[in-house]
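1. Structural data only, the sequence is not supplied:
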(Lines give C-alpha, C1' and ligand atoms only; values in the text may rest on other atoms or scores of the structure.)
Protein backbone atom coordinates (compact mmCIF):
# COMPACT_ATOMS: atom_id res chain seq x y z
CA UNK A 1 0.00 0.00 0.00
CA UNK A 2 1.21 3.49 -0.80
CA UNK A 3 1.89 6.13 1.82
CA UNK A 4 -1.05 8.46 2.44
CA UNK A 5 0.82 11.53 3.71
CA UNK A 6 -0.81 14.93 4.05
CA UNK A 7 0.60 17.06 1.23
CA UNK A 8 -1.54 20.24 1.21
CA UNK A 9 -4.03 21.95 3.57
CA UNK A 10 -6.55 24.62 2.57
CA UNK A 11 -7.87 27.15 5.07
CA UNK A 12 -10.96 29.20 4.11
CA UNK A 13 -10.46 32.96 4.04
CA UNK A 14 -12.83 35.86 3.36
CA UNK A 15 -9.80 38.03 2.52
CA UNK A 16 -6.77 36.05 1.36
CA UNK A 17 -4.39 39.02 1.60
CA UNK A 18 -5.32 39.67 5.24
CA UNK A 19 -5.13 35.94 6.03
CA UNK A 20 -1.67 35.74 4.42
CA UNK A 21 -0.44 38.75 6.39
CA UNK A 22 -1.83 37.31 9.65
CA UNK A 23 -0.26 33.84 9.24
CA UNK A 24 3.03 35.32 8.03
CA UNK A 25 3.20 37.43 11.21
CA UNK A 26 1.96 34.68 13.52
CA UNK A 27 3.90 31.65 12.21
CA UNK A 28 6.48 33.09 9.80
CA UNK A 29 4.90 31.28 6.84
CA UNK A 30 6.00 32.34 3.36
CA UNK A 31 2.99 33.17 1.15
CA UNK A 32 2.68 33.37 -2.64
CA UNK A 33 -0.24 34.82 -4.60
CA UNK A 34 -1.46 33.29 -7.90
CA UNK A 35 -3.76 35.88 -9.48
CA UNK A 36 -4.83 33.59 -12.35
CA UNK A 37 -6.20 31.05 -9.88
CA UNK A 38 -7.42 33.64 -7.33
CA UNK A 39 -5.45 31.66 -4.76
CA UNK A 40 -2.81 32.42 -2.14
CA UNK A 41 -0.51 29.57 -1.10
CA UNK A 42 1.36 29.32 2.21
CA UNK A 43 4.51 27.41 3.08
CA UNK A 44 5.75 26.64 6.59
CA UNK A 45 9.42 26.00 7.44
CA UNK A 46 8.68 22.24 7.65
CA UNK A 47 5.82 19.90 6.77
CA UNK A 48 3.06 20.28 4.20
CA UNK A 49 2.03 23.70 2.95
CA UNK A 50 -1.33 24.82 1.72
CA UNK A 51 -3.42 27.71 0.59
CA UNK A 52 -6.33 29.97 1.46
CA UNK A 53 -9.61 28.85 -0.16
CA UNK A 54 -11.75 31.90 -1.02
CA UNK A 55 -15.06 31.88 0.87
CA UNK A 56 -18.08 31.46 -1.38
CA UNK A 57 -16.23 29.72 -4.23
CA UNK A 58 -17.18 26.23 -5.42
CA UNK A 59 -14.80 23.60 -4.12
CA UNK A 60 -15.02 19.98 -3.03
CA UNK A 61 -18.57 19.54 -4.28
CA UNK A 62 -19.92 22.62 -2.48
CA UNK A 63 -19.41 26.25 -1.63
CA UNK A 64 -16.48 27.12 0.68
CA UNK A 65 -17.84 28.17 4.08
CA UNK A 66 -16.12 29.38 7.28
CA UNK A 67 -14.63 26.38 9.07
CA UNK A 68 -14.24 24.18 5.96
CA UNK A 69 -10.71 22.80 6.04
CA UNK A 70 -9.49 20.75 3.04
CA UNK A 71 -6.74 18.24 3.73
CA UNK A 72 -5.01 16.81 0.64
CA UNK A 73 -3.64 13.30 1.15
CA UNK A 74 -1.19 11.56 -1.19
CA UNK A 75 -2.69 9.05 -3.64
CA UNK A 76 -1.32 7.12 -6.62
CA UNK A 77 -4.50 6.30 -8.58
CA UNK A 78 -7.46 8.70 -8.61
CA UNK A 79 -9.63 6.34 -10.69
CA UNK A 80 -9.15 3.49 -8.21
CA UNK A 81 -9.73 5.83 -5.26
CA UNK A 82 -12.96 7.23 -6.76
CA UNK A 83 -14.17 3.66 -7.34
CA UNK A 84 -13.26 2.73 -3.77
CA UNK A 85 -15.25 5.73 -2.44
CA UNK A 86 -18.34 4.34 -4.20
CA UNK A 87 -17.57 0.76 -3.08
CA UNK A 88 -17.43 2.00 0.53
CA UNK A 89 -20.81 3.78 0.29
CA UNK A 90 -19.68 7.22 -0.85
CA UNK A 91 -20.73 9.17 -3.93
CA UNK A 92 -18.78 10.84 -6.75
CA UNK A 93 -20.20 14.37 -7.11
CA UNK A 94 -17.74 15.51 -9.82
CA UNK A 95 -15.98 12.94 -12.00
CA UNK A 96 -12.27 13.03 -12.73
CA UNK A 97 -11.38 16.30 -14.47
CA UNK A 98 -8.27 18.37 -15.10
CA UNK A 99 -7.03 20.90 -12.56
CA UNK A 100 -5.04 23.30 -14.81
CA UNK A 101 -1.33 23.30 -14.04
CA UNK A 102 -1.71 20.77 -11.23
CA UNK A 103 -3.06 17.46 -12.51
CA UNK A 104 -6.44 15.77 -12.19
CA UNK A 105 -9.14 15.77 -9.55
CA UNK A 106 -12.57 14.41 -8.74
CA UNK A 107 -14.97 15.40 -5.98
CA UNK A 108 -16.59 12.82 -3.75
CA UNK A 109 -18.73 12.59 -0.65
CA UNK A 110 -18.08 9.85 1.82
CA UNK A 111 -20.96 8.25 3.75
CA UNK A 112 -23.07 10.68 5.83
CA UNK A 113 -22.05 9.12 9.14
CA UNK A 114 -18.53 10.50 8.62
CA UNK A 115 -19.80 14.04 8.01
CA UNK A 116 -16.90 14.85 5.69
CA UNK A 117 -17.03 15.33 1.91
CA UNK A 118 -13.65 15.13 0.16
CA UNK A 119 -11.84 15.59 -3.17
CA UNK A 120 -9.55 13.16 -4.96
CA UNK A 121 -6.70 14.51 -7.09
CA UNK A 122 -4.19 12.81 -9.39
CA UNK A 123 -1.49 12.62 -6.77
CA UNK A 124 -3.69 13.48 -3.82
CA UNK A 125 -6.86 12.62 -1.98
CA UNK A 126 -8.41 15.65 -0.34
CA UNK A 127 -10.61 15.38 2.72
CA UNK A 128 -12.84 18.29 3.73
CA UNK A 129 -13.41 18.36 7.49
CA UNK A 130 -15.94 21.09 8.36
CA UNK A 131 -15.20 22.49 11.79
CA UNK A 132 -18.36 24.54 12.12
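-> Yep, that arrived. Because the structure is a prediction, the values reported are computed rather than measured. Numbers count the residues shown, from 1 in each chain.

2. Strands along this structure, start to end?
-> Secondary structure of the chain (DSSP state E): strands at 6-13, 30-34, 39-43, 49-54, 58-59, 62-63, 68-74, 91-99, 103-109, 117-121, 124-130.

3. Looks like residue 10 contacts residue 49 (just checking).
-> No: using Cβ atoms under 8 Å, residue 10 is not in contact with residue 49, being 10.3 Å away. The C-beta positions use only the backbone N, C-alpha and C, and glycine is treated the same way.

4. Compare the two and say which is more crowded by neighbours.
-> Taking other Cβ atoms under 10 Å, residue 10 and residue 49 do not tie; residue 10 has more neighbours (24 against 16).

5. So what sits opposite the closest residue to the more buried one other than its chain neighbours in the bridge?
-> Closest residue to residue 10 apart from its sequence neighbours, by Cβ to Cβ, 6 or more residues apart in numbering: residue 70 at 3.9 Å. Beta-bridge pairing of residue 70 under DSSP bridges involves residue 10, residue 128.

6. Assess the claim that residue 70 and residue 9 are in contact.
-> Yes: if you go by Cβ under 8 Å, residue 70 and residue 9 touch, sitting 7.0 Å apart.

7. of these two, who's got more company?
-> Using other Cβ under 10 Å, the more surrounded residue of residue 70 and residue 9 is residue 70, with 22 against 17.

8. and the more buried one, how far is that from residue 25?
-> To residue 25, residue 70 is 23 Å away according to Cβ to Cβ, to the nearest Å.

9. Check residue 63 too.
-> Separation of residue 63 from residue 25 (Cβ to Cβ): 29 Å.

10. Neighbours of residue 13, how many?
-> 20.

11. and if you look at residue 20?
-> Neighbours of residue 20 using other Cβ under 10 Å come to 21.

12. Does it touch residue 40 like I think?
-> Yes: using Cβ under 8 Å, residue 20 is in contact with residue 40, at 5.1 Å.

13. Determine the residues that are contacts of both of these two.
-> When contacts are counted by Cβ atoms under 8 Å, 6 or more residues apart in numbering, residue 20 and residue 40 have 31, 33, 52 as shared neighbours.

14. Nice, that's everything, thank you.
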